Every structure is written in structure tokens, then in C-alpha cells.
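Student: Give me a model of this one.
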Amino acid sequence: MGLVQYVHVTSQEDDVLANGLICSKHARDLISLDGQTPSMDQTAPDFFDRDWLIVGENNLSDVLLRIMQAYLPWIYRVNYVQNVMQPKTRTQVEIEYVSRPLHPESEHLGIRLLRAGSSMIVLFPNPFNIKRDVLILFGCHRSGQYALESALQSAALKRNLALLTERLQAARPGYLAAQIIVEGLLKGSDTHNPTSYKTRAVENNAEPSDPFWLATLSKHTEQAQLTGDGRCENPTSIFDVSLLVVLSRPEQQQLRKAVGASLDDLDMYWENVQGEIGFHVTLFEFLLHREPAEELVERLQVLAEALLDGLKGSGLIPEQVVGRVRQLEILSNSLTAYADFLSPEGEPTGWMDGIRKWCEAVVARIGTSETGSEHGLMNAASVPFPLHVTLCRFPRALDPSAQMKLQALVTESRRKEFVRFPIKSVALVVGRKSPYRDTKIVGEIPLRSSD
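Tutor: Numbering: from 1, shown residues only. Sure, this is the predicted structure:
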């Protein structure tokens, strides 16, 4: 049974580990969001206000790694293999490197698929609270677990971890993910003994043979003070092309009612009031040009139409899915809510990885077409992290009482879901002003039916 130890780093030496060790199934149940208000007892931080250390491939790690598939160089998956000698299927845990066609300069050319005996160490911001971290250690099957235990005791891995720590500190500010992939080879006869395994970290030959991978997720940074966004009153000129999920008007009203009632007395710039399309989730950012010249705008408009044609004509259009908006967060100078995508059974899915593959394939295809001269204009081509709905911005700096009110609202929302809705289509949208105004839906793309 996999165990989850979620550790809240505080100045207190006696942070109670006995209360921080829980079954992965119970942890998985907690991220279903029970709607309860977290305890205000500062001696026992809430589950979502702690760092999580997840040991083993289990209920919780499965969900988190599915959500992070769209961002990580190495992905985890479970296949089901038919045993020739028995009627039952068996599981086969795999770790695979995923090519990123838009970034050939960082392409890994070495080993790409690992199974039993291999393992992963992965660190990333928690998609349920990006101000806390998730560290997952797991091995593929029992042999991978023993091999990982052997690697963790080796001087080589300790050096790798020290180097990785230095790189992470040097790469700040921003949010990053890091992975170490370990290959284990059995050198003795006792398969249940860690000392029977010889291990090595897979080298990242795209980055001077580093024994790890780093992925930049977001350039959002935490701010000690909540500053005002002057663009609310003085918008700037941009040309943005993105793929969005736009909430329907009833869904927007439901979300605004669930979140905004206690904020009515604060001076806020609400996206559903000020913007033409209102509340939305950005799935993929194709390009963003600031203060573009008119000649460039004409080229970008042609490119937007080419993107729409490519998306509609692709064979990679994802299936319909259920969207969920949950939990509040303060990002830069705005109040946002997290978003994710669920299966019909209500399980978080890796749907965003399908969105990424679909959009990246279209961008790559345009690069080899008659529109190829415009390929370099797609200067974003990325999946935002975290996926979110921008609810409102702060047009001016907030006084201390308003900041305290907002932070209390964020804390109270850690276990809340605001709205759940079916997604049957997505929209390619051009935005001409920042904050997101002067928008035009270039076209809508129906998603594949799951029937």
C-alpha cells in the first residue's frame, strides 16, 4: 500500500508527522473536494496547505501524474497485458519520454521507454495549490521499488540531487517541474534485495548530459503585496491567439454567485463584466504579440485562420469532457480559480495532454506548409500552468484589510468546487487588448463524441 506523507515546512521543529501519514486512498478521496472549510488551527495545517511527499505508485500519484502529463518530459502510464498462460490480464507500469515537436533543440535522443526495474523521482508545484510542492518517488513494479531504494542510498544519486537543487534555485523565480529517471538492472539473484540492483540516472543528452530534466511551467511569481493592475483602466494593445473553453452564461452566473458575493464591497475588475466572452479557461496559447504594428496584425489574422483550419481538419481532436472550476488562488494581481477536466465518473483525467498534442501537431504542420513563413510568429505555443479561470483583477493596490479578506477567502476555498459543466466544443479566440478585451471568436471546433 502506498503511503502519503504531507509535510508542512514551518519554523516548528515538532510538526507532527504522526498526523501527516495517511493512506493514499484517503488522500485521493480528499482531492475529490468535500466542500468543508479547512481548520484554522495553525498547529495543524490543512491537507491542501502542506507539501506532499508521495511514496509509491498509488491512488494519489496516479491522479497527479495524469494532470501533469501535458507538462512533463517523461510520463507515467499503466498498460494492461494479456498473460499467455492465464486468462487474466496483468498491469504493466511504464515510464516514457514524450517528444515535443515544437522544441527539437531539447529533444532527448537516448533511451525513451522503461518498464520493470525503472523508477521516477518528480517534483512539481501542486496543481491543487501551486504555492506548495509535490514530490513523488515510485518504482515500476516491485523490482523498480527495490532498485529505487538502492539508488537512494548511492553517492551518485545524492550528487545528482544536490546539483538539481542548485539548478532549481538558480532558475527562480517562476514555477518549474523536475524529473530524475532511474534505470535499474538486476545483478544478483535475490530480486527482493535492493543491493541486488545496479542503478543509473538516465542522462538528458540535450542538456550537457544532465542527470535530470527541468520544465518551466509558469513565470507567475508570488508577491508579498497585492499590487494594482493599471491595464484595467488603461488597456494595452496586443494580438493574442488562444484556444479556450468559454463558460456559458448560466455557468458564468453560477460561478460569480458562488465566488463573488463576499467581494461585492471591494473595488474589482470582474472578467465576466468587462470582457466580451467573460469567464473562460485558456487551454493553449499559440501566440502573443504586444503593441503589434498594423502590418504584423494583418499577417497574424491570416495565421489565425490557418490555425482554425488546421485544428478543424486534424485527426487528433480530443473527446468531449466534463470541466470543473474549483479552489481559489491569487496569481499576480488577480483572483483566479483552478480548473481541471473529469471523466464521466468524476475522475481527473489527462485530457489536457490530448489538447497539447493536437495543438502542437497543428503548429508543426503549419511550419511545413505554405504558411510556413509565419511559423516563427507563434511565440507562445504552450499549455498554461496552472489551468485557471481569471475571476477578477485588482485595478488598484489593496489595503491590508482587503488583502486579509481575500486571503481568508482563498483559504476557505481549498476544499470547494464551484461549478461543473460539460464541454462539447472549444473556441479559437483572438484578443486585441490586455486585460482580455476586444475579443473575437475566430471559430468553434466541436469535440469528438465519446459514444
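Student: For the protein, name the helix or strand with the lowest mean pLDDT.
Tutor: strand 3-7 (a mean of 30; mean pLDDT, DSSP states H and E).
Student: Can you name the next helix or strand after that one?
Tutor: Per DSSP states H and E, strand 3-7 leads on to strand 21-23 as the next helix or strand towards the C-terminus.
Student: any idea how far S425 is from S449?
Tutor: 11 Å (Cβ to Cβ, to the nearest Å). For glycine as for every other residue, the C-beta is placed from the backbone atoms N, C-alpha and C.
Student: Among those two, which residue is more densely surrounded?
Tutor: In this view S449 and S425 are compared by other Cβ atoms under 10 Å, and S425 has more residues nearby, 12 against 8.
Student: how about low-confidence regions in the stretch 1-150 of the chain?
Tutor: 1-20, 38-44, 81-88, 101, 103-107 (pLDDT under 70).
Student: let's see it at 80
Tutor: Residue ranges of the stretch 1-150 of the chain with pLDDT under 80: 1-21, 34-45, 79-91, 100-110.
Student: Could I get the full set of strands for it?
Tutor: Using DSSP state E, counting those that start in this stretch, the strands found in the stretch 1-150 of the chain span residues 3-7, 21-23, 51-55, 74-82, 89-97, 113-114, 119-126, 129-139.
Student: now for the third one, which elements pack on it?
Tutor: Strand 51-55 sits against strand 3-7, helix 59-67, strand 129-139, with contacts defined as 3 or more Cβ pairs under 8 Å, 6 or more residues apart in numbering; DSSP states H and E.
Student: Tell me the strands beside that strand, with direction?
Tutor: Paired strands of strand 51-55, with direction, are strand 3-7 (antiparallel), strand 129-139 (parallel) (DSSP bridges).
Student: How about the shortest one?
Tutor: In the sheet containing strand 113-114, its partner strands are strand 89-97 (antiparallel), by DSSP bridges.
Student: Can you give the distance of the strand it pairs with from its chain's centre?
Tutor: 22 Å (Cα atoms, centre = their mean, to the nearest Å).
Student: Straight-line length of stretch 99-117, end to end?
Tutor: End-to-end span of stretch 99-117 (Cα to Cα, to the nearest Å): 23 Å.
Student: residue ranges of the helices in this protein, please?
Tutor: 24-30, 59-67, 141-152, 155-171, 249-260, 271-274, 294-312, 351-366, 400-412 (DSSP state H).
Student: Now distance to R432 too, for those, in a markdown table please.
Tutor: As requested, the helices of the chain are exported to a markdown table (distance: least, Cβ to Cβ, whole Å):
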| stretch | distance to R432 |
| --- | --- |
| helix 24-30 | 42 |
| helix 59-67 | 32 |
| helix 141-152 | 51 |
| helix 155-171 | 33 |
| helix 249-260 | 21 |
| helix 271-274 | 14 |
| helix 294-312 | 8 |
| helix 351-366 | 21 |
| helix 400-412 | 30 |
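Student: Same list, those helices, but as JSON lines with distance to I75 and mean neighbour count please.
Tutor: Listed next are the helices of the chain as JSON lines, based on distance: least, Cβ to Cβ, whole Å; neighbours: other Cβ atoms under 10 Å:
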{"stretch": "helix 24-30", "distance to I75": "19", "mean neighbour count": "17"}
{"stretch": "helix 59-67", "distance to I75": "7", "mean neighbour count": "22"}
{"stretch": "helix 141-152", "distance to I75": "16", "mean neighbour count": "21"}
{"stretch": "helix 155-171", "distance to I75": "19", "mean neighbour count": "13"}
{"stretch": "helix 249-260", "distance to I75": "31", "mean neighbour count": "17"}
{"stretch": "helix 271-274", "distance to I75": "33", "mean neighbour count": "18"}
{"stretch": "helix 294-312", "distance to I75": "23", "mean neighbour count": "16"}
{"stretch": "helix 351-366", "distance to I75": "8", "mean neighbour count": "21"}
{"stretch": "helix 400-412", "distance to I75": "31", "mean neighbour count": "14"}
